[in-house]
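*Asks:* What follows is a predicted structure for the sequence shown.
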Amino acid sequence: MLKRKKYCEILDEWLMYQKKYVKESTYTTYFSHIEKHIKPFFKGKKINNITHEEIQDFLDNKIKNGRLDNTGGLSNKTVKDILNVIKLSIKYAMEKNYVKDFNLNFKIRSNKKKVTLLNQNELNILIDYLKRKNDSYCRGILLIICSGIRIGEICALKNEDFDLCEKKFLISKTLQRVQYIGNSKKKTKIIIQSTKTLNSTRTIPIPISYYDYLKIEKNDNYFLTQTSKYMEPRTVRYKFKKILKELNLPNVTVHSLRHSFASQCIELGFDYNCLSEILGHSSPSTTMNIYVHSKQDFKKKCMDKFTL
């Protein structure tokens, strides 16, 4: 016999169960999606009364008007993450006999926003500035440009992660600000933990063109600051926007540099498997589907190779 229970109660129960098995950052993401999006929609409804169509409508609404500040829809990735919480919690409910078999096949209508990238001339202007300035922060941004590492990875990177003899560096940690859960005046906190996935932990060769700008000492200082104090992602973003404004360049994100790196590597003829490993992706398909933006002139060169 089914144990009738409210979906919000099941979410709380499932979240407590997950806490024992997932990373702190994953747990806080689950918590945030539940409190900000899922609970306000389903409120006091019992799970037996929730239909497949109702959840699909909920997802469609999040794509169109899901932002809490009423400025539009949530990104595809965020809605996929919310759907993941819903699926996992309903699977848990089925295992606990709170609900019978439930159709978990849902569609997320595409709401992909095109990533704005610097063109080659703009990128060259930025690189020239970073080379001239050549402080620890600028060297960090240069490293993102020529290796495609994530913002959380550059923030967690330390001098001791570099092997100058072998000319390589290790990515094994990531730094991020997460929601603080518990009785505290603080709303958020910084955590440093192992990388996103097993594939994200990787060793990357230092490009020869970058090696001359690499100035580090053998210690455990953070690479971005060259001190024992880290620089967090929002500070990296703030400083980056100031540089773009100073150079009168388009207001792109730090993350867009990762996209630019991947696109340039494809145009230079990188092997897809190799590039996927450098970026820390689970498979080459992830690299191709998300990060590669071929320029029109490159497409033309490729097409011109075709003969009848």
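*Replies:* The structure has been received and is ready for your questions.
*Asks:* Low-confidence stretches in the stretch 151-300 of the chain?
*Replies:* Scanning the stretch 151-300 of the chain for pLDDT under 70 picks out 182-185, 291-299.
*Asks:* May I see the buried residues of the helix or strand where residue 132 lies?
*Replies:* Element membership of residue 132, judged by DSSP states H and E, is helix 120-133. Within helix 120-133, the residues that qualify as buried are 122, 123, 125, 126, 127, 129, 130, counting by 16 or more other C-beta atoms under 10 Å. (Glycine included, C-beta is placed from N, CA and C.)
*Asks:* next one: stretch 274-282
*Replies:* Neighbour-count burial for stretch 274-282, counted by 16+ other C-beta under 10 Å, picks out 275, 276, 277, 278, 279, 280, 281.
*Asks:* Can you pick out the most distant pair from the residues you listed?
*Replies:* By the measure C-beta to C-beta, 275 and 280 form the most distant pair in those, at 10.6 Å.
*Asks:* quick one on the thing from earlier: pick out the most distant pair among the buried residues of helix 120-133.
*Replies:* 122 and 130 (12.9 Å).
*Asks:* Give me the mean pLDDT for stretch 78-98.
*Replies:* Regarding stretch 78-98, the rounded mean pLDDT is 93.
*Asks:* got the buried residues for it?
*Replies:* Buried positions in stretch 78-98, judged by neighbour count with 16+ other C-beta under 10 Å: 78-79, 81-83, 85-86, 88-90, 92-93, 98.
*Asks:* And the contacts of that stretch?
*Replies:* By C-beta atoms under 8 Å, 6 or more residues apart in numbering, the surrounding residues in contact with stretch 78-98 are 1-5, 7, 10-11, 13-14, 17-18, 29-30, 33-34, 37-38, 47-48, 55, 59, 62-63, 66, 74, 99-102, 104, 106, 108, 111.
*Asks:* The residue nearest to residue 251 when sequence neighbours are not counted: neighbour count?
*Replies:* Excluding its sequence neighbours, the residue lying closest to residue 251 (C-beta to C-beta, 6 or more residues apart in numbering) is residue 244, at 6.0 Å. Per other C-beta atoms under 10 Å, the neighbour tally for residue 244 reads 18.
*Asks:* Ok, the one 5 residues further on next?
*Replies:* Other residues lying near residue 249 total 17 when counted by other C-beta under 10 Å.
*Asks:* any idea how far the residue nearest to it when sequence neighbours are not counted lies from residue 174?
*Replies:* Nearest non-adjacent residue to residue 249, counting by C-beta to C-beta, 6+ apart: residue 122, 5.3 Å away. Computed as C-beta to C-beta, to the nearest Å, the residue 122 to residue 174 distance reads 28 Å.
*Asks:* Same question for residue 249.
*Replies:* Counting by C-beta to C-beta, the gap from residue 249 to residue 174 is 27 Å.
*Asks:* what does residue 191 give?
*Replies:* Applying C-beta to C-beta, the value for residue 191 to residue 174 is 9 Å.
*Asks:* When these two are compared, which one has more neighbours?
*Replies:* residue 174 (25 against 16).
*Asks:* domain ranges for this protein?
*Replies:* 7-95, 120-302 (automatic domain parsing).
*Asks:* where do the helices sit along the stretch 1-150 of the chain?
*Replies:* Here the stretch 1-150 of the chain has its helices, by DSSP state H, counting those that start in this stretch, at 7-19, 24-33, 39-42, 52-65, 76-95, 120-133, 136-147.
*Asks:* ok so, going back, how about the buried residues of stretch 78-98 in JSON lines, adding distance to residue 115?
*Replies:* Converted to JSON lines, those look like this (distance: C-beta to C-beta, whole Å):
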{"residue": "78", "distance to residue 115": "15"}
{"residue": "79", "distance to residue 115": "17"}
{"residue": "81", "distance to residue 115": "18"}
{"residue": "82", "distance to residue 115": "21"}
{"residue": "83", "distance to residue 115": "22"}
{"residue": "85", "distance to residue 115": "25"}
{"residue": "86", "distance to residue 115": "27"}
{"residue": "88", "distance to residue 115": "29"}
{"residue": "89", "distance to residue 115": "31"}
{"residue": "90", "distance to residue 115": "32"}
{"residue": "92", "distance to residue 115": "35"}
{"residue": "93", "distance to residue 115": "37"}
{"residue": "98", "distance to residue 115": "41"}
